[in-house]
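S.K.: Fold the stuff below for me.
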Amino acid sequence: NDFEVSVKELDFLVEQSMTVRGVYGARMTGGGFGGCIVALTTPRAADHLVSHLQAEYPRKFGKEPTAFETSATAGANVLE
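M.R.: This is a model prediction of the structure:
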């Protein structure tokens, strides 16, 4: 119990994300301090995931979620 840092809102978002076809995984990030989740999806599933969460989250918590779509990059490297 000492190390549980998630909150029910984030757990809900993760659980709901995993019900959407094309979502490979989801987890909370940010230590639960207001928090957000990161979901790994196929490109075609991203819009459906956002729509699903924007419909379900307000039903449960009475607040509108915000989504940011991004894609993975090669990462950091040394510039010379």
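S.K.: so where do the strands sit in this structure?
M.R.: Ranges of strands in the chain, per DSSP state E, are 23-29, 36-41.
S.K.: Compare those and give me the one nearest residue 3.
M.R.: strand 23-29 (13.2 Å; Cβ to Cβ). In this view, the C-beta of every residue, glycine as well, is placed from N, C-alpha and C.
S.K.: The closest one pairs with which strands?
M.R.: strand 36-41 (antiparallel) (DSSP bridges).
S.K.: could you dump the strands of the chain to TSV with mean pLDDT, distance to residue 70 and mean neighbour count?
M.R.: Formatted as TSV, the strands of the chain follow (pLDDT from 0 to 100; distance: least, Cβ to Cβ, whole Å; neighbours: other Cβ atoms under 10 Å):
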stretch	mean pLDDT	distance to residue 70	mean neighbour count
strand 23-29	95	13	15
strand 36-41	95	9	18
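S.K.: mind putting those in CSV, distance to residue 78 included?
M.R.: Below are the strands of the chain laid out as CSV (distance: least, Cβ to Cβ, whole Å):
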stretch, distance to residue 78
strand 23-29, 26
strand 36-41, 26
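S.K.: wait, residue 7 sits on residue 30?
M.R.: No. Counting by Cβ atoms under 8 Å, residue 7 stays clear of residue 30, with 10.6 Å between them.
S.K.: What residues sit buried inside stretch 48-65?
M.R.: By 16 or more other Cβ atoms under 10 Å, the buried positions in stretch 48-65 come out as 49-50, 52-53, 56-57, 65.
S.K.: Specify which member of these is nearest to residue 72.
M.R.: The closest of the buried residues of stretch 48-65, once distances to residue 72 are taken by Cβ to Cβ, is residue 49, at 16.2 Å.
S.K.: Residue 52 versus the closest residue to that closest one other than its chain neighbours, what's the distance?
M.R.: Nearest residue to residue 49 in three dimensions, chain neighbours excluded: residue 20, at 4.8 Å (Cβ to Cβ, 6 or more residues apart in numbering). Residue 20 sits 5 Å away from residue 52, taking Cβ to Cβ, to the nearest Å as the criterion.
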